[in-house]
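Enquirer: Turn this into a model:
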Amino acid sequence: MADSPEKQADSRSESQAAGGGRANAAAADTAIRRNIVPEFALIAGWFIPGLGHFYIGEKRKAMIFFIALMGGFIFGAGVSRLECLSFQEHYYAIIAQLGLGVLTLPVVLYKHFTNTGTTDPFTVNTLMDPGLLYTQVAGLLNFLVALDAYERGIALHSKKDSNNGSRLEYIVVSPDMPCRIVCLHSGAS
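Expert: Sure, this is the predicted structure:
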């Protein structure tokens, strides 16, 4: 006896989800069992790079994001000798740098209150521009990483809510491109 098109689509989606990424499927199963709050994933992801992904169960991504973003920020701040972190000299750059989260704020406040800037106005730090670039890119990328954690939190939350029989939603994540497959059925078996 032939299966209905909905059941065939469901089985295809399940096989794609199973083969597409076992780690993501395990994270999704863990997230469904507990209550995911997407807004908390967003704030946690901004607060500390990767913490939003850690919260939703993607621990490997969390470690990669934390090491990459903090490494870029520390490298940029180090090569510029903290001169790229200044409210007075780089007002617009500091907004991008604060995208890295609350971990940036203590460094900026330390620099601001201790006046560790150059005392000679003719001294030029030739590594200021690379330092600005690295710290700004790390901050702006963390905005995107936090939004990714929020989006994945919404997807996991909607998958949990959609298991009421009227709508099945499968999230297929492959190394090439994540996509969402939504299968609607009438609820009749």
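
Enquirer: Only C-alpha atoms from now on, for both contacts and neighbour counts.
Expert: Noted.

Enquirer: what's around A146, how many residues?
Expert: 27 (other CA atoms under 10 Å).

Enquirer: Please give me every residue in contact with it.
Expert: Applying CA atoms under 8 Å, 6 or more residues apart in numbering to A146 gives the contacts A41, L42, I43, A44, G45, W46, P49, G50, G52.

Enquirer: Which pLDDT value goes with the closest residue to the first one other than its chain neighbours?
Expert: Closest residue to A41 in three dimensions, ignoring its sequence neighbours and counting by CA to CA, 6 or more residues apart in numbering: G52, at 4.2 Å. Per-residue confidence at G52 stands at 95 (pLDDT).

Enquirer: gap between G52 and T126?
Expert: 36 Å (CA to CA, to the nearest Å).

Enquirer: Among these two, which residue is more densely surrounded?
Expert: For G52 and T126, the more surrounded residue by other CA under 10 Å is G52, and the numbers stand at 31 against 10.

Enquirer: In the one helix or strand that one maps to, which residues are buried?
Expert: Using DSSP states H and E, G52 sits within helix 51-56. Neighbour counts over helix 51-56 (16 or more other CA atoms under 10 Å) mark L51, G52, H53, F54, Y55, I56 as buried.

Enquirer: how near is the closest residue to the first one other than its chain neighbours to P130?
Expert: This means L51. Nearest non-adjacent residue to L51, counting by CA to CA, 6+ apart: G45, 4.8 Å away. G45 sits 25 Å away from P130, going by CA to CA.

Enquirer: what do you get for V37?
Expert: Using CA to CA, V37 is found at 37 Å from P130.

Enquirer: biggest helix in the chain by residues?
Expert: Counting residues, the longest helix found in the chain (DSSP state H) is helix 128-161.

Enquirer: and which of the contacts of A146 is nearest G78?
Expert: P49 (18.7 Å; CA to CA).

Enquirer: burial count for the spatially closest residue to that closest one that is not a sequence neighbour?
Expert: Distances taken as CA to CA, 6+ apart place F66 nearest to P49, at 5.0 Å, with adjacent residues excluded. Neighbourhood size, F66 [other CA under 10 Å]: 18.

Enquirer: residue contacts, F66?
Expert: Contacts of F66 (CA under 8 Å, 6+ apart): I48, P49, G50, L51.

Enquirer: Alright, I will stop here.
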